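In: need the 3D shape of this:
(2 chains)
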Amino acid sequence: MNIKEYIESGVLESYVLGSASAEETHQLLRLKNQYPEIADALFQIETDFERVAQNMAMVPPPGMLTRIEDEINALIETEDPAPATRHRESDYRRFDNDRSNQFIEIEAFSNQMRLHKAWRWVFAGVFILGKIFLIAAIYYFLENRQAQEQIHDLKTELRQYKH
Amino acid sequence: MVKQNHALLRAKPLSTHTLYDAYAGMLLGYIFEVVKDHKIAEDYLVKTFSSIAKNFNDVNWDEINIWCQLQRFAKNELTAFHKAIDGYEVPAGDTPATLPNLYLDRMTDEQKLVFCNIYYSNKTTTQLAEEINRPEKHIKQLLKEAFAIIRKSHEH
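Out: Next comes the predicted model:
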């Protein structure tokens, strides 16, 4: 295969802009891993692509991040958290061998548990029931102690009458 | 600037928040170029980041070009907008870009037509080749030339 001709064909540019066909994409991903020249050319085009976007960048208005966070929170509230451990088969298999250390690990195992908000009512109910049982237990304990004392007094009185 | 973004992403664990810090301006600029309205562009930016957050764990961020991925998220969100204006063709010499752009200004009308229709209007090279009745090979060549101009503009 003529690598130079392939790079010059414009298929890399088409791929970066997301306009390549599935067949072209599949071929490019395969060739990218085989030929470092293609991987380097692709990296260069991606960088150029980013420059275009930076040249047209606009400063988001104040409060935009809060709006986004509110929208995301609303999404979390309305949807059950989906299992998120599976990685989708990516368009790219690697960014660049030499540049792979530019990136940091993005997801670590969390020691925290996420629950649906509906559980808060369950927890509140359990808490209230717990309190009711505790008060009832104290009440019956005191009642029982008082009854025991009364029985003890009555027994004492009964013995005195017998004598 | 590209390096600044990468440095920013290296400094903190990658999250929707760090992606916002590094790329929100670029995404907003891109979306604005498509929709031509600040309010609508902001709404689409919110939708794009919601979609990013929703699919965050499905994307293999460390093996791909982040901007390409983010731009595809924006394109997906803008599909509805493109459908609404379906049939609109960007005429040569009348690019959809409204902001001054040092790269587009250096392209010929034909290069701009191809670049903008693919970049902003979400058309494939095959679709565009059919629409303007040119061979797909020619479209790809024009796209390549457009990127060469971008690179050359940056080097100067």
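In: what about the one residue in chain B that gets nearest to chain A, helix or strand, and which?
Out: For chain B and chain A, the shortest gap (C-beta to the nearest C-beta) falls at B:Lys140, measuring 3.0 Å. Glycine gets a C-beta too; all of them are placed from N, C-alpha and C. Per DSSP states H and E: B:Lys140 is located in helix B:136-155.
In: what about the residue of chain B closest to chain A, how many neighbours?
Out: Using other C-beta atoms under 10 Å in any protein chain shown, B:Lys140 has 24 neighbouring residues.
In: please apply the same query to A:Gln34.
Out: Quick note: A:Gln34 (other C-beta under 10 Å) scores 11 neighbours.
In: which pLDDT value goes with it?
Out: pLDDT recorded at A:Gln34 is 90.
In: state the distance from it to chain B.
Out: Distance, A:Gln34 to chain B, using C-beta to the nearest C-beta, to the nearest Å: 17 Å.
In: repeat that for A:Gln44.
Out: Applying C-beta to the nearest C-beta, the value for A:Gln44 to chain B is 7 Å.
In: break chain B down into its domains, please.
Out: Taking automatic domain parsing as the criterion, chain B consists of the domains B:2-84, B:104-155.
In: for chain A, that is, sorry about that
Out: Domain assignment for chain A, taken from automatic domain parsing, gives A:1-59+A:87-108, A:113-163.
In: related to what we said a few turns ago, wait, the residue of chain B closest to chain A touches A:Val16, no?
Out: No: counting by C-beta atoms under 8 Å, B:Lys140 stays clear of A:Val16, with 11.9 Å between them.
In: could you export stretch B:136-146 as CSV, CA atoms only?
Out: Coordinates of each C-alpha in stretch B:136-146 appear next as CSV, following Å, rounded to 0.1, in the frame of the first residue of the first chain:
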residue,chain,number,x,y,z
GLU,B,136,-16.1,12.4,-4.0
LYS,B,137,-12.4,12.2,-4.6
HIS,B,138,-12.5,15.9,-5.6
ILE,B,139,-14.4,16.8,-2.4
LYS,B,140,-11.8,15.0,-0.2
GLN,B,141,-9.0,16.8,-2.1
LEU,B,142,-10.6,20.2,-1.4
LEU,B,143,-10.9,19.2,2.2
LYS,B,144,-7.3,18.3,2.3
GLU,B,145,-6.4,21.7,0.7
ALA,B,146,-8.5,23.5,3.3
